[in-house]
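Colleague: how would this look folded up:
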Amino acid sequence: MSGDTTVAHVDTAIAGARSARAGALVGYLPVGFPDLATSVDAAVALAENGVDVLELGLPYSDPVMDGPVIQAATQQALHNGFRVRDVFTAVREIRARVEVPALVMTYWNPVLQYGVDRFADDLLAAGASGLITPDITPDSAADWIAASTRTGLDRVFLAAPTSGEERLRMAATQSRGFVYAVSTMGITGERSDVDAAARTLVARLRTAGADTVCVGIGISTGRQVREVLEYADGAIVGSALVHALADGGVERVASVARGLAEGAQRATAG
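Modeller: Residues are numbered from 1 along each chain as shown. Okay, the predicted model is just below:
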């Protein structure tokens, strides 16, 4: 990319994936695990093996939504000395090597501590596409909505099966890139079945005005990716990829990504 930091919009990447295949594959990995350089190589490996959008986690000391696999990885990153500024370094290095858009997933407190406008400016300069913010809702995110509007960054809010209709409308109208539909209540992790509630939630979000919806939490196999893409625009995989990186390094995470990406292919007749 030769230092080009033009924003790569996530909805464009997802639309391209929907045109070429059944839908998009979004892959999560924490920055700084097992170390900063390896986390960059692992994210690049995802992009080179079928992942359409990168979700890069900013390690946080109190990850209330994360399951044990992701918690262990983020705690190791923090133990190794991860600092918030490292996420901008990682994004810059990743985007210098691949064209795939990169969203940063972060709890809100680190952004507040860093400064919302400063964070947005540094995110843009690094070449990131925007933020996924799991612990703030649109009605409490006025500063981020203003900063992301000013910078052109995407903003992804979450919606859960328990969300009321007004909350779904806010997520649908204020999100840019996609709405993150949480497939089940509770923490992240691999599950044998993605809850049927996800299908209903996506339908409710469509009714609320959402153009692009991706489903996450609990998706860990190519079969589950295929099932989700029957009704959603994208499938988000996290714990399965972190687990692969922890067990077998970059080579293993690349292999798992390829298997997940096979689930995003359209089924062929016969």
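Colleague: now stretch 67-82: mean pLDDT?
Modeller: The average pLDDT within stretch 67-82 is 82.
Colleague: stretch 139-146 now?
Modeller: 97.
Colleague: pLDDT value on the residue nearest to residue 130 when sequence neighbours are not counted, please?
Modeller: Sequence neighbours aside, residue 154 is the residue nearest to residue 130 in space, at 3.0 Å (criterion: C-beta to C-beta, 6 or more residues apart in numbering). For the C-beta atoms, the positions are set from N, CA and C on the backbone; glycine is no exception. Confidence at residue 154, expressed as pLDDT, is 97.
Colleague: now residue 154: how far from residue 57?
Modeller: 16 Å (C-beta to C-beta, to the nearest Å).
Colleague: the two: which has the busier surroundings?
Modeller: For residue 154 versus residue 57, the count of surrounding residues by other C-beta atoms under 10 Å is larger for residue 57: 27 against 23.
Colleague: the closest residue in space to that one that isn't next to it in sequence: what's it in contact with?
Modeller: Spatial nearest neighbour of residue 57, excluding adjacent residues (C-beta to C-beta, 6+ apart): residue 30 at 3.9 Å. Listed by C-beta atoms under 8 Å, 6 or more residues apart in numbering, the contact set of residue 30 reads 39, 56-59, 70, 73-74, 77, 242.
Colleague: biggest separation within those, which pair?
Modeller: For those, the maximum inter-member distance is 14.1 Å, found between 58 and 242 (C-beta to C-beta).
Colleague: between those two, tell me which one has more neighbours.
Modeller: residue 242 (28 against 23).
Colleague: would the more buried one count as being in a helix?
Modeller: Yes: the assignment for residue 242 is a helix, going by DSSP: H, G, I helix; E, B strand; the rest coil.
Colleague: that one contacts residue 70, correct?
Modeller: Yes: with contact defined as C-beta atoms under 8 Å, residue 242 counts as touching residue 70 (5.5 Å).
Colleague: and the residue nearest to residue 130, backbone torsions?
Modeller: Per-residue torsions, residue 154: phi -70, psi 150 (degrees, to the nearest 10).
Colleague: show me what contacts it?
Modeller: 7, 9-11, 103, 129-131, 148, 176-177.
Colleague: how about a cut-off of 7 Å?
Modeller: Residues in contact with residue 154 (C-beta atoms under 7 Å, 6 or more residues apart in numbering) are 9-10, 103, 129-130, 176-177.
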